[in-house]
Structure formats: structure tokens, C-alpha cells
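In: Here you go, sequence then predicted model.
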Amino acid sequence: MVDAVKSDVHSAQLKAVEQLIFTEPVLARQKCLAVLAGARQAFDAPTLIAAALQLSLIEDQLGDLESAIAVLSEALVFAEEFKLQQRLPQLLEQIGRCYYSQARYPQALEFWHQCAVLCGNDADFIATRGLALMGLGQICDACGENSQAITLHQRAHTLLAGINDCFLLTMAKINWAVNLQKTGQNDAAEFILQDALQLSLTHQLPHHAAESYFRLAEIAIVKQHWDQAERLLEEGLLTLATTPYHWCEVNLLALWATVAAQQQRLAQALESVKRGLLIAEQDGLRHLEMRLNQQASQYARAMGLDDQAEEFLRKSHFIEIHLNTAFAPTTLLNFSALSDLLI
């Protein structure tokens, strides 16, 4: 009877966290950490695993990915120890996501591939397999393997379209569209992104709506529809007023600066990049920080602010050296095993 009461309490706590993840992630983190502490003390493996998965979604927005990896790794141990092997694929998938968000592609590739193999074609793991394939597609995308990325994203979309989960489906649509866009298929990408945007707005998924606005703005810029791009970027930033999604916010600010600079509003462009840099520095988004420093240097130089331009450029070069030292070159990644996942 006592265990049943505890189970009800934990279920209610997890539900409360779930409702806050994408609207109030800071509060969600606070509540989630409390659930984790209680689960550890009680050796409640199912609750600890569920809370670890929730924390990884929270930290994907807020940026403390090392903490998420540590908790997910702890949950893996609990799953093994308490014979909860059915939870392993989800944990592996989320660890892969955390590594990917840090641009640690070899580790992400390893965990996502392991996850997809473990899922197999088991009907219980359709969603998790779809997420793993999507993640592997994102790594292919990051490494310039766009054709393989499109194949993986199409397969992920097919899997996720049949499970009635708009969060996962909109994610699949966005990633598929990104790779279509990179291969010049802008009209097809725009069609899919408009669908993702409407689904995201209808089902109150502001983080995916914001990213849809960002990607649609990228296409508008390619088509040189500058006014349309600016409207989309403003909508994206307005959407993020309801939920922190720092990676997307930095990208929106950087792209808004591109539009402002094209219209010779250099002071506004530089200010927008500086806002993005502040977020990127605080969250450790090193690749974005490097790119935005390069962007800021260009604007400062064009404004005659040579000392500032040199300082931005120096920071960019320093980060580039660090990233080249810390991470294996993407050309060393082995994608040959991925073809087996598409059979």
C-alpha cells in the first residue's frame, strides 16, 4: 500500500515536470532535480530513469548538458541493475542528443547507432528508433553527407508519422526540411516547414515553432525576400518570449543581423550579434560563439571599428583552435555501418 502511494506521488511529480518542460524550463529543472533526489534516496529506478529523461529535455534548452549526461549515465546503471532493459534505448538516444548538442559527433554517433541497433524493428521502440535515425541524419548533415542525411530523415519521418506525437513529428519535419534546403530543394523544404509551423502552433510547441520560423527565414533570404525574412525572424524571437530555447535564439539573432546588415543597418546588426554572443558564451555553445565572433568582426570592420573587429576575430580564432583540438575531425567519422539501419 505504501509503495502504491509513493508510485502515485512520483507519477504526479513527473507529470508536473512534463507540463513545464517547454514553457517554464527553469522551474521544470528545479522540480525535476527534486524528483531525482527523492528517487535516489528511495532506490526508485523507474522514477529516476523517467526524471533523467525529462532533465535531458530541459537541459537541451537551458544548456547544462554535462549535468544531463551524468544523470542519464546514472540512469543507465539503474536500468541495468534493476533489470529495466526496456528503458535502455531511450537513455542511449538522449545521451546521443546531449553529445550532439555539444558538437561531440563521434560520441553522438556511437550512442545513436547503438540505440538504433538495440531498437531493431520492435514496435515498442518505433519512436526511439525514429529519434535515433533522425540524430544520425543530423550528424551526416553536420559532416556534409546531405544525401545520406535526407534518407535517414525520410525514414525517421515515416516511422514517427504513425505514432500520433506532434512533438516528434514536427522535429522530424524540421530536420528533413533542413537537408532538402541544403541540397537546393527550397520549395519542398518550405512546404514541409510550413506544415511543421502550423502543427507546432496548434499543439503549443513554441520551441519547434521558433525553429520553423528560423528555417523559413533562411529560405526567404536565399530567395532574397528580405522583408519576409525579417517578419519571420521577428515572429521567431517573439515566440521565444514564452520559452527559453537558447540555441534557436542565438541563430535567430545572428540571422536577423544578416538581414539588418544587408539593409546597411550595421549598428543594429552588430548589437544583435552581441546579444547572441552573450547567450552563446553563457551556454557554452562554442561553434555558434565562433561563428558569431566572425560575424561581429565583419560588421565592426565595416563600421570602422578596427580595434573591436580585431578582438572579435582573435576570439573566433582562439575558439577554432580549441574546437580543432577538442573534437575529432568529422572526416574521420565512419558512416558505413549506417546503411544496415535502413534495411
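Out: Received it, and whenever you're ready, just let me know what you need.
In: buried stuff in the longest helix along the chain?
Out: The residue-count maximum for a helix in the chain (DSSP state H) belongs to helix 306-326. By 16 or more other C-beta atoms under 10 Å, the buried positions in helix 306-326 come out as Gln308, Ala309, Phe312, Leu313, Lys315, Ser316, Ile319, Glu320. (Each C-beta comes from the backbone N, C-alpha and C, glycine too.)
In: what about that helix, distance to the chain center?
Out: 24 Å (C-alpha atoms, centre = their mean, to the nearest Å).
In: just stretch 109-117 next, same as before
Out: Worked out by C-alpha atoms, centre = their mean, stretch 109-117 lies 17 Å from the chain centre.
In: can you check stretch 244-257 too?
Out: Per C-alpha atoms, centre = their mean, the centroid offset for stretch 244-257 relative to its chain is 13 Å.
In: so Thr243 touches Phe22, yeah?
Out: Yes. Using C-beta atoms under 8 Å, Thr243 is in contact with Phe22, at 5.6 Å.
In: Now list whatever residues contact both of those two.
Out: Gln61, Pro206, His207 (C-beta atoms under 8 Å, 6 or more residues apart in numbering).
In: Please convert these to JSON lines, extending it with distance to Glu249, secondary structure and pLDDT.
Out: As requested, the shared contacts of Thr243 and Phe22 are exported to JSON lines (distance: C-beta to C-beta, whole Å; DSSP: H, G, I helix; E, B strand; the rest coil; pLDDT from 0 to 100):
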{"residue": "Gln61", "distance to Glu249": "10", "secondary structure": "helix", "pLDDT": "76"}
{"residue": "Pro206", "distance to Glu249": "12", "secondary structure": "helix", "pLDDT": "91"}
{"residue": "His207", "distance to Glu249": "10", "secondary structure": "helix", "pLDDT": "91"}
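In: Pull the helix or strand Gln54 falls within out as PDB, backbone CA atoms only.
Out: Applying DSSP states H and E as the criterion places Gln54 in helix 45-62. Provided in PDB are the C-alpha atoms of helix 45-62 (Å, rounded to 0.1, in the frame of the first residue of the first chain):
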ATOM      1  CA  ALA A  45      14.800   3.100 -10.500                       C
ATOM      2  CA  PRO A  46      11.700   3.700 -12.700                       C
ATOM      3  CA  THR A  47      11.200   7.200 -11.400                       C
ATOM      4  CA  LEU A  48      14.900   8.100 -11.600                       C
ATOM      5  CA  ILE A  49      15.000   6.900 -15.200                       C
ATOM      6  CA  ALA A  50      11.900   8.900 -16.100                       C
ATOM      7  CA  ALA A  51      13.200  12.000 -14.400                       C
ATOM      8  CA  ALA A  52      16.600  11.700 -16.100                       C
ATOM      9  CA  LEU A  53      15.000  11.600 -19.500                       C
ATOM     10  CA  GLN A  54      13.000  14.700 -18.500                       C
ATOM     11  CA  LEU A  55      16.100  16.500 -17.300                       C
ATOM     12  CA  SER A  56      17.800  15.900 -20.700                       C
ATOM     13  CA  LEU A  57      15.000  17.600 -22.500                       C
ATOM     14  CA  ILE A  58      15.200  20.500 -20.100                       C
ATOM     15  CA  GLU A  59      18.900  20.900 -20.400                       C
ATOM     16  CA  ASP A  60      18.700  20.700 -24.200                       C
ATOM     17  CA  GLN A  61      17.100  24.100 -23.800                       C
ATOM     18  CA  LEU A  62      19.000  25.500 -20.900                       C
END
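In: after it comes which helix or strand?
Out: Next in line after helix 45-62, if elements are assigned by DSSP H and E, sits helix 65-81.
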